[in-house]
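Engineer: A predicted structure for the sequence below; I have some questions about it.
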Amino acid sequence: MNNKWTRAAIPALLLHCSIGTVYCWSIFSQEISTHIGWSKPAVEWAFSFAIFFLGMSAAFLGRMVEKNIHLSSLVATICFTVGMAGTGFFIWYGGMHKHSVVALVGIYLSYGMIMGIGLGTGYLSPVKTLMLWFEDKKGLATGLAVAGFGAAKAIFSPVMQALQTGLGKNGIYMMFWILAGLFFVMMFTGHLLLKKPDGWVEPVHKDKSEGVWATIKSKPLTNYIGIWLMFYINITCGLAIISQEKMIVKCIGLVAFAAVISSVSAIFNAGGRLGFSAWADHLKDRNTIYKLIFSLSIIFSGLVILTRGIENGEGNLILIILVLGLIFVVNAGYGGGFSNVPTLLHDHYGMGNVSAIHGITLSAWAFAGLSGNQLATWIVNHFGEFKPLKDATGQLVKDATGKVETINPVGYQTVLYATIVLYIVALLLSIFFVRKSGKALAAKEAKIKAKAEAVN
């Protein structure tokens, strides 16, 4: 039982498959809004707060994860499941007291802050352990776990929809209580199983010169700033497009396939996390993966902008393929950006403080969680105009409350102008700011040495 699968891979999947359900937010956000009597934009802040507290808790609690993965995984289990149960309670309370400020603030605190802390500590806890167990395949290992975070949406979205439907008018808050119990079992099992390899001893830092910031400053500070910024931009752009994904799909005439495409995009998200990180194991410089992610995102964004694919896609197969290609590429790159960060940091700064440095880097996720969705929402609300959505038969499409759905193709198209500029900035950062890692330089020196020996 004391091997890399039972002590690292399986517990990592149990933890990440649970906390990854934060990305199922769109499945129930409208139902929460309807149940408690608050507008959807007001309720949406709960998700933004969850991502913010994820990043900030990872940044501030990274040292705790570094020192004690059992404590951090237990904190993650308790905070995530208590936050989920609390969210269910305040939804129930909001149903009894419509337009209640207590209910709305309670959801912010439960889903946003408490669950957010569980997300941050739970995300970090298994990562270094995986890299220690899978010494030669660090990217594959971290990609496997982070893929679980991405795959959670595909796995649990239908479960959540079934619970809401099957439990009737009580479904929205009962769903949270049932899943809180299920996720507690999954995460607590992962907590019990998670263990670093026998014989691994954490380095003892005798003074501040050996600490986290000293490690970061061991290379030019612009190197770390470049990594942080390109990570932030990748998440901001990913969230900006993914948050509008459902409506973009409807703009190009695929109303009936919106749920299926959402599941497929979640598979690309998970596949990008696993595929890009496993691929990076075979590259001399992991930063090459980021250059590839940004280049593909720029190419597909440019094609959709030039063809005005979102505005003109309905009924045009080529444009539909381009728009879907953009959605799938962005999802894959979004996931790949996450899975490659810990191993990229390891290659640049070593294993000693990797959890703490990774935690600080995840603060980029916190700020992107606030800026990505809000950027897209602002653009959609200020450019173009909304019009009624119709299905393939010409009938008006209505939401769960009976209200006619509206779409703004020009607004969604305009979002791409902002994201393509940001992707270009990220590509330039990856080229000019992020230097070659120690691994890449070692490979280059070995190649030069081999050539010299061949000549002699």
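Structural biologist: On my side now, so go ahead.
Engineer: when you work out contacts or count neighbours from here on, use the C-alpha atoms and nothing else.
Structural biologist: OK.
Engineer: pretty sure residue 335 contacts residue 272?
Structural biologist: Yes: with contact defined as Cα atoms under 8 Å, residue 335 reaches residue 272; the gap is 5.2 Å.
Engineer: which residues are common contacts for those two?
Structural biologist: Taking Cα atoms under 8 Å, 6 or more residues apart in numbering as the criterion, residue 335 and residue 272 both touch residue 147.
Engineer: average pLDDT for the longest helix along the chain?
Structural biologist: In the chain, with assignment by DSSP state H, the single longest helix is helix 317-349. For helix 317-349, the mean per-residue pLDDT is 95.
Engineer: quick one: list the elements packing against the next helix or strand after that helix.
Structural biologist: Next in sequence after helix 317-349, counting helices and strands by DSSP states H and E, comes helix 354-361. Contacts defined by 3 or more Cα pairs under 8 Å, 6 or more residues apart in numbering; DSSP states H and E place helix 354-361 against helix 40-67, helix 115-124, helix 127-133, helix 212-216, helix 317-349.
Engineer: for stretch 395-406, buried residues please.
Structural biologist: For stretch 395-406, a neighbour-count test (16 or more other Cα atoms under 10 Å) marks 397, 405, 406 as buried.
Engineer: shouldn't the second one be in contact with residue 386?
Structural biologist: No: with contact defined as Cα under 8 Å, residue 405 does not reach residue 386; the gap is 9.4 Å.
Engineer: pLDDT value on residue 240, please?
Structural biologist: 94.
Engineer: so it touches residue 372, yeah?
Structural biologist: Yes: using Cα under 8 Å, residue 240 makes contact with residue 372 at a distance of 4.7 Å.
Engineer: what's the distance between the nearest residue to residue 193 once chain neighbours are set aside and residue 120?
Structural biologist: Distances taken as Cα to Cα, 6 or more residues apart in numbering place residue 7 nearest to residue 193, at 5.4 Å, with adjacent residues excluded. Distance from residue 7 to residue 120, counting by Cα to Cα, to the nearest Å: 20 Å.
Engineer: looking at those two now, which is surrounded by more residues?
Structural biologist: residue 120 (31 against 23; other Cα atoms under 10 Å).
Engineer: show me the contacts for the more buried one.
Structural biologist: Counted by Cα under 8 Å, 6+ apart, residue 120 has contacts 53, 54, 55, 56, 57, 58, 76.
Engineer: what is the neighbour count of the second one?
Structural biologist: Residues within reach of residue 54, counting by other Cα under 10 Å, total 29.
Engineer: quick check: pLDDT value at the residue lying closest to it once chain neighbours are set aside.
Structural biologist: Excluding the flanking residues, the one nearest residue 54 by Cα to Cα, 6+ apart is residue 120, at 4.1 Å. pLDDT, residue 120: 95.
Engineer: name all residues that make contact with residue 414.
Structural biologist: Counting by Cα under 8 Å, 6+ apart, the residues that residue 414 touches are 379, 380, 383.
Engineer: now a PyMOL select for only the buried ones of those.
Structural biologist: Those of the contacts of residue 414 that count as buried under 16+ other Cα under 10 Å are selected in PyMOL with:
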select buried, resi 379+380+383
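Engineer: surely residue 286 meets residue 340?
Structural biologist: Yes: look at residue 286 against residue 340 with Cα under 8 Å: they come within range, at 7.4 Å.
Engineer: can you tell me how far residue 312 is from residue 392?
Structural biologist: Distance, residue 312 to residue 392, using Cα to Cα: 15 Å.
Engineer: so where do the strands sit in this structure?
Structural biologist: Along the chain, counting by DSSP state E, strands occupy 387-388, 406-407.
Engineer: of these, give the one that comes closest to residue 294.
Structural biologist: strand 406-407 (28.0 Å; Cα to Cα).
Engineer: run the chain-centre distance for the closest one.
Structural biologist: Put simply, strand 406-407 sits 26 Å off its chain's centre (Cα atoms, centre = their mean, to the nearest Å).
Engineer: so which elements touch it?
Structural biologist: In this structure, strand 406-407 makes packing contacts with helix 245-251, strand 387-388, judged by 3+ Cα pairs under 8 Å, 6+ apart.
Engineer: tell me what the last one is packed against?
Structural biologist: Using 3+ Cα pairs under 8 Å, 6+ apart as the contact criterion, the secondary-structure elements in contact with strand 387-388 are strand 406-407.
Engineer: remind me which residues of the stretch 201-350 of the chain are low pLDDT?
Structural biologist: For the stretch 201-350 of the chain, applying pLDDT under 70 flags the ranges 202-210.
Engineer: so what pLDDT did the residue nearest to residue 193 get?
Structural biologist: For residue 7, the predicted pLDDT is 93.
Engineer: and residue 151, by the same measure?
Structural biologist: pLDDT, the model's per-residue confidence, is 83 for residue 151.
Engineer: one more: residue 53?
Structural biologist: 95.
Engineer: relative to residue 125, how far out is the nearest residue to residue 148 once chain neighbours are set aside?
Structural biologist: Excluding the flanking residues, the one nearest residue 148 by Cα to Cα, 6+ apart is residue 17, at 4.9 Å. Look at residue 17 and residue 125: by Cα to Cα, they are 13 Å apart.
Engineer: do the same with residue 429
Structural biologist: For residue 429, the distance to residue 125 (Cα to Cα) stands at 29 Å.
Engineer: more neighbours, the two?
Structural biologist: Higher neighbour count among residue 429 and residue 125: residue 125, with 29 against 21, using other Cα under 10 Å.
Engineer: so who does that one touch?
Structural biologist: Residue 125 neighbours (Cα under 8 Å, 6+ apart): 65, 69, 72, 73.
Engineer: got these as CSV, with pLDDT columns?
Structural biologist: Output for the contacts of residue 125, formatted as CSV (pLDDT from 0 to 100):
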residue, pLDDT
65, 88
69, 91
72, 95
73, 96
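Engineer: by neighbour count, which of those wins?
Structural biologist: In these, the most neighbours by other Cα under 10 Å go to residue 73, 28 neighbours.
Engineer: that residue against residue 121, yeah?
Structural biologist: Yes: using Cα under 8 Å, residue 73 is in contact with residue 121, at 6.7 Å.
Engineer: what count of nearby residues applies to the residue lying closest to residue 331 once chain neighbours are set aside?
Structural biologist: Closest residue to residue 331 apart from its sequence neighbours, by Cα to Cα, 6+ apart: residue 269 at 4.6 Å. Counted by other Cα under 10 Å, the residues lying close to residue 269 total 29.
Engineer: residue 256 too?
Structural biologist: Neighbourhood size, residue 256 [other Cα under 10 Å]: 12.
Engineer: residue 155 versus that one, what's the distance?
Structural biologist: Using Cα to Cα, residue 256 is found at 20 Å from residue 155.
Engineer: tally up the residues packed near the closest residue in space to residue 91 that isn't next to it in sequence, please.
Structural biologist: Distances taken as Cα to Cα, 6+ apart place residue 173 nearest to residue 91, at 5.8 Å, with adjacent residues excluded. As a burial measure, residue 173 scores 26 neighbours (other Cα under 10 Å).
Engineer: try the one 3 residues further on
Structural biologist: Under the neighbour criterion other Cα under 10 Å, residue 176 is assigned a count of 23.
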